[in-house]
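Q: Next one to model:
(2 chains)
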Number of protein chains: 2
Amino acid sequence: MESIVFESHPSRYRHWTLTVDGEVATLALGVREDGGLRPGYQLKLNSYDLGVDIELADAVERVRFEHAQVKAVILTSAKDRVFSAGANIYMLAGSGHPFKVNFCKFTNETRLSIEEASRESGQKYLAALNGIASGGGYELALAADDILLVDDGNAAVALPEAPLLAVLPGTGGLTRLVDKRMVRRDRADVFSTLVEGIKGRRAVDWKLVDAIAPRSKFSEVANARAKALAAGSNRRGHGDGIVLEHLAATYSDTVLEYSRVRVTIDPERRQAEILVRGPEGRQPQTPEDIQRIGSAYWPLAVARELDDAILHLRFNHSTVGLLVFRTEGSPEAVLDVDRVLDQNSDHWLIREILLKLRRTFKRIDQTARSLFALIGPGSCFAGTLLELALAADRSYMLADDTRPTRIALGPLNERWFPMANGLSRLETRFLGEPQALDKIRAHQGLIRPDEALELGLVTFAPDELDWDDEVRIAREERCGFSPDAMTGMEASLRFAGPETMETKIFGRLTAWQNWIFQRPNAVGATGALTLYGKQSMAEFDWRRT
Amino acid sequence: MESIVFESHPSRYRHWTLTVDGEVATLALGVREDGGLRPGYQLKLNSYDLGVDIELADAVERVRFEHAQVKAVILTSAKDRVFSAGANIYMLAGSGHPFKVNFCKFTNETRLSIEEASRESGQKYLAALNGIASGGGYELALAADDILLVDDGNAAVALPEAPLLAVLPGTGGLTRLVDKRMVRRDRADVFSTLVEGIKGRRAVDWKLVDAIAPRSKFSEVANARAKALAAGSNRRGHGDGIVLEHLAATYSDTVLEYSRVRVTIDPERRQAEILVRGPEGRQPQTPEDIQRIGSAYWPLAVARELDDAILHLRFNHSTVGLLVFRTEGSPEAVLDVDRVLDQNSDHWLIREILLKLRRTFKRIDQTARSLFALIGPGSCFAGTLLELALAADRSYMLADDTRPTRIALGPLNERWFPMANGLSRLETRFLGEPQALDKIRAHQGLIRPDEALELGLVTFAPDELDWDDEVRIAREERCGFSPDAMTGMEASLRFAGPETMETKIFGRLTAWQNWIFQRPNAVGATGALTLYGKQSMAEFDWRRT
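A: Okay, the predicted model is just below:
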């Protein structure tokens, strides 16, 4: 299969149109039916595939960085009478299991980024449903702050996946129904088994949408609601944003090369090394200087490149089972950048950069690959980059007096990079030992390998004699285990502590969906997903589990 | 397959020995190798199958009811050098998917009942590991309050499932590691990939066990720790307990008949009706009278019979997709019983009865079958029995003036029957509308259908004209949907709100395990579980998801 490209730009969008009018942006979905990422399916009724969602993810992000003044975004359809029919079913039915799972994960991340833009960046979302919103179409609406449905006797919202296709709504729909919109569970049950969905007044009464409006007044009401959302925003951005420049990247089967990130892939050993280079030379000290440098600014470049690399690894290198993080540079230089970010975190742009880093680290947490960090001489796992070691399933730090290796916490680690569970990676790590956290906070200066081991910040600190063998064996052994068992194990161990809607979506809902995506009742020869649109009826194995 | 029987009694145990010595009980595991529930596997090394766990569940419950004075329970092995090797792998490899899933669910419920006995009944558990505790053996220990491991250079604790069998530890092991014992996630990662496990001092340092003791002092240390646990217990029981009498039940393919519960199964329509009869005649008013009646006391009989019926339906009637709850009797009579329970809830026996009801309702919540409640004339969905309607995925109440139907809340609903998420079923139902709860609380007297609908306590209230068709169509339609889609949907809609270790075990961990139990890497022709103990090596599809 050809490599999937994750970079996009409004000038190249095929399915979305972004327009900005003062404080309100509009994202209109007009899917090109013949514009699928792969041949073999038509994107009818504004149904989407990964390509459509890559554009949406790009748009949500660009509005945050490039349109500083925008306080509300209207999600609507450029087509008449249909908002969106959700993920394209023929595309799903024709996809392999790993792709289906990763597709759902990516679309989930995009919807969570909409909710994060609202909560953290004050860009509020209105879903203006000018026609039927079904399946993933309604799930997209559920990510918005406010849902307006046209009341024309026809347009409805629906989650027909379970009754129609024998799968679950794959983008958080069930969870958002009961946990975000707090629809009563019995109503959610009825709604989720109703292929035709619910429209009009009942959709409001059941809290499935926030308001309805007749077709004649729809635009007017939508605009008024968007303005109201903007009025309630606390966004501080004004004037120009920065341009997210094209990532100057080259991709091959064995190397993904960016400006600050280099990924080296060993397909035979099923491993990849992700090297992140620390800041070099003089770094800007004020938001104004940072704004001038724009997307070339080190932390933003690192976040965008890492994010892109992780997506490439997920989709284009599916047999790579182990990602090994390395860094190169000066720990002090990273900490210097962290201090500038920390001191200016109330500036809208600095805040956006911090949030982009946060999302990137979360994307790493949610990546179904084993993660090791190798901390050796010349590395800079300090501050922001220490998060990579803390996100890893385990870490190895070389204890060698002749080639000193150091790690360090910075001012950002505990404040700015919560995981999906709402806790920082340090809090999650030391859930049972808050006193360990106090010791780490009290530590002065850079941290030596023996100290890091004692403080619990690294898993192992072998000396030079043992390092090569210990690390090599651990890497090889890890890549010999069943990929599925590692995925389930890592998903269970990474997110200790409280659960949130986000962890529920990725843990509970995704796991059930993955299960169902394996079940003959959905994907077998007579499964409902397989037979969708064909003449034959699905045949089920009736045994319940 | 022959029907599985869930009732047991210490006099019939084949694998466990229960002894009671004052405040300390001991449960010793000595599995009969040829005592498997089915032929085809040998239960070597104290490995277990469902039959072994049915005895354990029975023992945990009997100690609570029949041994009022017991404050600590020692779980140990009757065999030398091995505590338990966990669930028998040949049994698992030879089981179908629905059985595997239900087996894990039952064993999870048993381990949770141990934790509940400790937390709610003051019967504290010590796992005295006099030999290796591997896989499910260690997971059983993780359910205890205190884990003591013999330090003999050999005995270790281990979770070898992922590296050895390409599946997950199936009884909460991963979740309890990081969420209960709060083992650091990187250490949990290392431990869970180490087939040989961890022993001695390191097991203590990594918080995998609480203490170690040399073989020569093991019994002495175990007894001392059990006494210390008993000393810390707040259990109020003293003197004699009550005897849990044999359930006088008859089972056929179409009827499960108990004293207060009758289950009618329609295999063709894949539906079952569960009828619960309310209390009849004069009910005891004091704990002393209740103790005299013992397990024949109405609420305890209902709980035990319902619990047994649910287990039969899960294991012996796997194609039944819909359970329909009905009740018969006087709402006032149920409320009278509830008042007696409420007023005496600090008596140890009344408390145990309430907790047994709680566990039974939780077992219903966790049952992967669709649940409807049908509320008609002559029914008594009041107080305790209202929980059945609240546990249902939806409820229908007949609105017929000529044959009045009433429901009612009682004093127990909000206090005594939390779901796995820690909230009452009412709180979960009205998560987004606390004011709705206030209205319900303020309601005086029994609740009419129109009021129940208005208060949000029932889903639908059709009149007599519509009732038959509406209910019949809903039932038929439900049984026509894919069983797997319904399972995933219901698991996602039933547990809104906060998550707990318990919901994580049933939601996140179970869902991942179910997924893995479907994956070719585990159960395919060259999967690791399939090939365990054979000469050939597993062959994996290396694609990660």
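
Q: For the stretch 301-450 of chain A, which segments are assigned as strands?
A: For the stretch 301-450 of chain A, applying DSSP state E, counting those that start in this stretch gives strands covering A:322-328, A:370-375, A:394-397.

Q: just so I know, which of the ones you listed lies nearest chain B?
A: Smallest distance to chain B across the strands of the stretch 301-450 of chain A (C-beta to the nearest C-beta): 4.3 Å, for strand A:394-397. Yep, even glycine has a C-beta here, placed from its N, CA and C like the rest.

Q: Turn the strands of the stretch 301-450 of chain A into a markdown table, including mean pLDDT, distance to residue A:523 and mean neighbour count.
A: Shown next, in a markdown table, are the strands of the stretch 301-450 of chain A (pLDDT from 0 to 100; distance: least, C-beta to C-beta, whole Å; neighbours: other C-beta atoms under 10 Å in any protein chain shown):
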| stretch | mean pLDDT | distance to residue A:523 | mean neighbour count |
| --- | --- | --- | --- |
| strand A:322-328 | 98 | 28 | 22 |
| strand A:370-375 | 98 | 26 | 24 |
| strand A:394-397 | 98 | 34 | 25 |
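
Q: can stretch A:506-517 be found next to chain B?
A: Yes. On the criterion C-beta under 8 Å from any C-beta of the partner chain, stretch A:506-517 is in touch with chain B at A:507, A:508, A:509, A:511, A:512, A:513, A:514, A:515, A:516.

Q: Test my guess that the last one contacts residue B:491.
A: What it means is residue A:516. No. Assessed by C-beta atoms under 8 Å, residue A:516 is found out of contact with residue B:491, at 10.7 Å.

Q: More neighbours: those two, which one.
A: residue A:516 (30 against 25; other C-beta atoms under 10 Å in any protein chain shown).

Q: Quick check: the gap between that one and residue A:164.
A: Separation of residue A:516 from residue A:164 (C-beta to C-beta, to the nearest Å) stands at 13 Å.

Q: Please apply the same query to residue A:143.
A: Distance, residue A:143 to residue A:164, using C-beta to C-beta: 22 Å.

Q: Settle it for me: which of these two has more neighbours?
A: The neighbour comparison of residue A:143 against residue A:164 (other C-beta under 10 Å) goes to residue A:143, with 26 against 21.

Q: so what's the more buried one up against?
A: Going by C-beta atoms under 8 Å, 6 or more residues apart in numbering or on different chains, residue A:143 touches A:111, A:112, A:114, A:115, A:125, A:127, A:172, A:176.

Q: near chain B, which residues of the stretch 251-400 of chain A?
A: A:270, A:318, A:319, A:320, A:321, A:368, A:369, A:392, A:393, A:394, A:395.

Q: try 7 Å this time
A: Taking C-beta under 7 Å from any C-beta of the partner chain as the test, the list of the stretch 251-400 of chain A residues beside chain B reads A:270, A:318, A:319, A:321, A:368, A:369, A:393, A:394, A:395.

Q: hang on, the earlier thing: with distance to residue B:329 added, can I get the strands of the stretch 301-450 of chain A in a markdown table?
A: Shown next, in a markdown table, are the strands of the stretch 301-450 of chain A (distance: least, C-beta to C-beta, whole Å):
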| stretch | distance to residue B:329 |
| --- | --- |
| strand A:322-328 | 62 |
| strand A:370-375 | 57 |
| strand A:394-397 | 59 |
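
Q: I'd like to know which of the contacts of residue A:143 are part of strands.
A: A:125, A:127 (DSSP state E).

Q: And the pLDDT for whichever residue of the stretch 151-300 of chain A sits closest to chain B?
A: At 2.6 Å from chain B, residue A:182 is the closest residue in the stretch 151-300 of chain A, using C-beta to the nearest C-beta. Here the pLDDT value assigned to residue A:182 is 97.

Q: Repeat that for residue A:238.
A: For residue A:238, the model assigns a pLDDT of 78.
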